[in-house]
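> need a structure here:
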Amino acid sequence: MSANSVNRRRILSLWLPRLPIDRIKRKLAQHSVSQAEAREVVGLPLPLAGEGWGGGLATSDALRRERAPTRIASDDAIRPPPQAGEAKKGSRSLLELPSVVVAKDHNAILLHSIDEAAVRAGLSIGLPLANARAICPELTVYDADPAADLKTLNDIADWCDRFTPLVALDPPYGLFLDITGCAHLFGGERALLQIATNALSRRGFAVSAAIAGTSIAARTLTRHASGQITADGEEAEAVGPLPVSALGADAAITTGLRRAGLKTIGDVAARAPHEISARFGAAFTTLLSHALGQGDAPISPRKPLPDYIVEKRFPEPVATDTVIALTLQNLARMLVAAMDKQGKGARQLEASFFRTDGAVRAIVVGTGRPVTRPEMIDRLFRERLDALNDPLDPGFGFDLIRLAAGRTELVVQQQRDLDATVHDNDEVSALIDRIAARIGGKRVVVHLPLESHIPERSALAVPAQHHLAAASAAAWPERVAGEPPLRPLRLFERPEPIKVPFATVPDGPPHQFTWRRARHEVVRVEGPERIAMEWWKQDGGSLTRDYFRVEDAEGQRFWIFRDGLYESELRDEEGKPVPANWYVHGLFA
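A predicted model of the protein is given here:
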């Protein structure tokens, strides 16, 4: 490969063709379930605590006996009907028997995924289940679970983040890894490919992989030439001998190409592009050109690329809290040093912990202001780790710890020696960050004024981390000197109903009311203050309110209102006046 091509795009494609059945058998292998044992766990799931790449055995993979050969129970795995000689074979492990995953397609139950034993027995994907049972009577059948398969694929993608932050899904059972410029960290492209495939194979997954300059070329090679690494510019020569089915086009297009005598990708590439477009469409022509290395569509990574990344790889897994904390401190210093060169600070930080069994744990903290001190980063993560409901479980240890700044901002230098306000703002912001790291950013809020005369809509609660400056500069209505406050210090989120035995009609206040089973005698009243609802924002169901500031005999002050105008809004179906409903909306100091 030339020096100029080192920076060219390089894509690693991973394909797990038997992921559905491998996912189930991998979990069964942890328990070594036999057919005889399966009868004892009828309908019970087999959880695998702490297992990465898909978690425990899903309920849909629970084992049960099948009473009829053609019955498929939703979300349950199926045993075949008793066969002659089953007692002799009852001790065989389910892992040794042919196993398949089935799915319903147009009212037909077809094989969706099969294992190696089923292939040796003569079964193939797409075969009806009835035919498969006739060919192989001792067949273990499981229902397809696309949600569990997708979760497993996402777990594997999380594990692949150790190689590159640019990992994209290639549904249904594939992944794209943009390894441009990072393969040398693992000993080269060949070594990286071997590390990824060997790790997946050791965990029970059938996997094939290939590397090329475009994602489509890499995927095409993965399906029919696993393990091949194609140099940039040599994609056309590599994919030419492969069958047209390797392109992954629609079945109708593949059939049409074969009927036209175009059996390989090279045969199709030999035709003029306008001939192919006229017969099979422009989309297929674009797909073909990408497979030949003539341009490529960008992949869509699962996660946005962080602004800065630092990481620590361990030759031996680490599991002690002291080593993990010390590693985070060192990574925080490295991250701050990298950001400081460009005058930036972190607004969002993510620590990722990669376990040796493939599980990945990510912890995210946010900040109200750009963080430029490593001790602050360390303190935020310690607060977050101490507050986790599910503690960080190292299992057999972490072999990689990564710290990334997902969002950064330029740091504005301020005069901090003589300006006490700047120091106060920094301390408040740091306090909010620590509290948010412990209980969550959405639970620490500030209020901003809104242009609305409806009491419950006149303020907006927003996260304090991102709106502290706006809240500090917000202009609230000022209190008139010498006058009592118009609004209560404590406003209920929802008005609470009160019982009013009688009130002066039509617009008078109550003489007494009962709230929370306590009776209050009204001795002083201010009001009413009439507030009409926003007719342009509601369907006419809200009523006009008359608010009163009242004080009871014990000196407590309440903000109460009558919902609706007497006689004009409060009428029954016959047009007769009905009693009004009263509510308490807040408490004065």
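> shouldn't Ser99 be in contact with Ile24?
Yes. Assessed by CB atoms under 8 Å, Ser99 is found in contact with Ile24 at 7.4 Å. For every residue, glycine as well, the C-beta is placed using N, CA and C.
> neighbour-wise, which of these two wins?
Ile24 (26 against 23; other CB atoms under 10 Å).
> where does the more buried one fall, secondary structure wise?
helix 19-31 (DSSP states H and E).
> who does that helix touch, helix- and strand-wise?
strand 99-105, strand 108-114, strand 140-143, helix 146-160 (3 or more CB pairs under 8 Å, 6 or more residues apart in numbering; DSSP states H and E).
> do that again at 6 Å, thanks
In this structure, helix 19-31 packs against strand 99-105, helix 146-160, with contacts taken as 3 or more CB pairs under 6 Å, 6 or more residues apart in numbering; DSSP states H and E.
> what segments of the stretch 351-500 of the chain are helices?
374-386, 420-439, 464-473 (DSSP state H, counting those that start in this stretch).
> kindly reformat those helices as CSV containing mean neighbour count and distance to Ala117.
CSV is the format used below for the helices of the stretch 351-500 of the chain (neighbours: other CB atoms under 10 Å; distance: least, CB to CB, whole Å):
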stretch, mean neighbour count, distance to Ala117
helix 374-386, 18, 45
helix 420-439, 16, 51
helix 464-473, 15, 55
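> make CSV out of these and add distance to Asp393.
Shown next, in CSV, are the helices of the stretch 351-500 of the chain (distance: least, CB to CB, whole Å):
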stretch, distance to Asp393
helix 374-386, 12
helix 420-439, 20
helix 464-473, 28
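> weakest of the ones you listed by average pLDDT?
With a mean of 74, helix 420-439 has the lowest mean pLDDT of these.
> now the end-to-end length of stretch 166-177.
End-to-end span of stretch 166-177 (CA to CA, to the nearest Å): 6 Å.
> quick one: low-confidence ranges for the stretch 451-589 of the chain?
Within the stretch 451-589 of the chain, the segments meeting pLDDT under 70 span 537-541, 567, 572.
> give me the three-state assignment for Arg519.
strand (DSSP: H, G, I helix; E, B strand; the rest coil).
> quick one: it and Ala217, what's the gap?
Arg519 sits 81 Å away from Ala217, taking CB to CB, to the nearest Å as the criterion.
> still on that earlier bit, mind exporting the helix holding Ile24 as PDB, just the C-alpha atoms?
Extracted as PDB, the C-alpha positions of helix 19-31 are listed here (Å, rounded to 0.1, in the frame of the first residue of the first chain):
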ATOM      1  CA  LEU A  19     -26.500 -14.800  15.300                       C
ATOM      2  CA  PRO A  20     -30.100 -15.900  16.400                       C
ATOM      3  CA  ILE A  21     -29.300 -19.500  17.000                       C
ATOM      4  CA  ASP A  22     -25.700 -18.700  18.300                       C
ATOM      5  CA  ARG A  23     -27.200 -16.300  20.800                       C
ATOM      6  CA  ILE A  24     -29.500 -19.000  22.200                       C
ATOM      7  CA  LYS A  25     -27.000 -21.800  22.200                       C
ATOM      8  CA  ARG A  26     -24.300 -19.700  23.800                       C
ATOM      9  CA  LYS A  27     -26.600 -19.100  26.800                       C
ATOM     10  CA  LEU A  28     -27.700 -22.700  27.000                       C
ATOM     11  CA  ALA A  29     -24.000 -23.700  27.000                       C
ATOM     12  CA  GLN A  30     -23.600 -21.800  30.300                       C
ATOM     13  CA  HIS A  31     -26.100 -24.300  31.900                       C
END
